[in-house]
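Novice: missing the sequence, but the structure's below:
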């Protein structure tokens, strides 16, 4: 393995306004890895407005920022980002590239790994430099979180990893005097893609938001009773600016699509608030939401396992409880 290939990169996801949505929390780990690898830490940002995210990356430990700039970047699909990242990697040849755990970043990381023909480790919760200097040891949960596996990529570079949502916390601000920003301009023609993403405002009432990105998730299970039973859940989630998810029972019954399935055979999420409605609490589901900061369970069965992990529990008919919660939330919002 070449000694030239020792830098650690962190991809910083940005919003339409240029602020950092994810990735800042990975710089503490990146700095520790770079200290052991003998390299430096670089942030990678892409978008029309990157100044805010670039400055924040510098404050939290980036030695430099590699910026992909171009008008219209926010309107293009993941293929465009992966292609431009591939060009940067080919020039600078980093040791590793860390991505935050959003759905967009996981898609981009997987596509980039395929294009570079290198390994990828998903859903990591920690990382350390190997004692023999062969690379980074990534730790990730397996078998529904019952065990942890350590993996490493010994042959190809860069090593690529995506972080488990909320597994990493921001470190301390380590620099306040600015950071070097190296910009790569891309033209509209360079960004030609097969798909155009919908431009939506995240967090606004009634707007679309993915379950991976939502701060509030309202989930339904078998107790919802049918596809129509998810409508009250959508209404409640909309008031929070959140998203609706489900357990395996709902997808098996064709009430909800697999894209919003949470659990062992679905997605792992960690929102600030998770409201489980009519979900019994089987391990196959709870392993996908156990890291939520606050968990509220609504179930008419007082002995339902979901109450064992819930921070707050409501024993009652969700068809009565959910509309009542929605009404109270409307009253609170109307008072400003």
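Specialist: In hand now; what should we look at? From a predicted model like this one, the values you see are computed outputs, not experimental measurements.
Novice: thought residue 223 was touching residue 317?
Specialist: No - between residue 223 and residue 317 there is no contact under Cβ atoms under 8 Å: 9.0 Å. Glycine gets a C-beta too; all of them are placed from N, C-alpha and C.
Novice: hey, what's in contact with both of these two?
Specialist: Applying Cβ atoms under 8 Å, 6 or more residues apart in numbering, one finds that residue 223 and residue 317 are jointly contacted by residue 300.
Novice: for stretch 88-108, which positions count as buried?
Specialist: Neighbour counts over stretch 88-108 (16 or more other Cβ atoms under 10 Å) mark 88-89, 92, 94-102, 104-108 as buried.
Novice: now do the same end-to-end measure for stretch 225-242.
Specialist: Terminal residues of stretch 225-242 are spaced 22 Å apart (Cα to Cα, to the nearest Å).
Novice: ok, residues contacting it?
Specialist: 202-207, 209, 214-220, 224, 243-244, 246, 250, 253-256, 271, 273, 275, 277-278, 318-319, 322-323, 325-326, 329-330, 333.
Novice: returning to that earlier point: among the buried residues of stretch 88-108, which are located in helices?
Specialist: 88-89, 92, 104-108 (DSSP state H).
Novice: between those residues, which is nearest residue 152?
Specialist: Each of these was scored against residue 152 by Cβ to Cβ, and residue 89 proved nearest at 18.9 Å.
Novice: the closest one is in contact with residue 95, isn't it?
Specialist: No - under the criterion of Cβ under 8 Å, residue 89 makes no contact with residue 95, lying 10.9 Å away.
Novice: before we move on, back to that, please indicate which of the contacts of stretch 225-242 are buried?
Specialist: Buried, going by 16+ other Cβ under 10 Å: 202, 209, 214, 216-220, 224, 243-244, 246, 250, 255-256, 271, 273, 275, 277-278, 318, 322, 325-326, out of those.
Novice: packing partners for the longest helix seen in the chain?
Specialist: In the chain, with assignment by DSSP H, the single longest helix is helix 318-334. Of the remaining helices and strands, those touching helix 318-334 by 3 or more Cβ pairs under 8 Å, 6 or more residues apart in numbering; DSSP states H and E are helix 231-240, strand 294-299.
Novice: out of those, nearest to residue 30?
Specialist: strand 294-299 (28.9 Å).
Novice: what lines up beside that closest one in the sheet?
Specialist: Partner strands for strand 294-299, per DSSP bridges, with pairing direction: strand 273-277 (parallel), strand 312-315 (parallel).
Novice: need those strands in CSV (columns: mean pLDDT and distance to residue 32).
Specialist: Supplementary listing: the strands paired with strand 294-299 in CSV, determined by pLDDT from 0 to 100; distance: least, Cβ to Cβ, whole Å:
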stretch, mean pLDDT, distance to residue 32
strand 273-277, 97, 30
strand 312-315, 95, 36
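Novice: JSON lines for these, including distance to residue 164?
Specialist: Formatted as JSON lines, the strands paired with strand 294-299 follow (distance: least, Cβ to Cβ, whole Å):
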{"stretch": "strand 273-277", "distance to residue 164": "15"}
{"stretch": "strand 312-315", "distance to residue 164": "24"}
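Novice: of all these, which one is nearest residue 162?
Specialist: strand 273-277 (20.9 Å).
Novice: got the contact list for the closest one?
Specialist: Residues contacting strand 273-277 (Cβ under 8 Å, 6+ apart): 215-221, 223-224, 233, 236, 240, 242, 289, 292-299, 306, 310, 318, 322.
Novice: kindly report the same for stretch 310-330.
Specialist: With Cβ under 8 Å, 6+ apart as the test, stretch 310-330 has contacts from 220, 223-225, 229, 232-233, 235-236, 239-240, 276-278, 294-302, 306-307.
Novice: centre of the chain to it, how far?
Specialist: Relative to the centre of its chain, stretch 310-330 is centred 28 Å away, using Cα atoms, centre = their mean, to the nearest Å.
Novice: now stretch 246-258
Specialist: 22 Å.
Novice: distance between the ends of that stretch?
Specialist: Note: stretch 246-258 ends 9 Å apart using Cα to Cα.
Novice: cool, and stretch 275-289?
Specialist: 10 Å.
Novice: residues of that stretch that come out buried?
Specialist: Neighbour count says stretch 275-289 has 275-283, 285-289 buried, by 16+ other Cβ under 10 Å.
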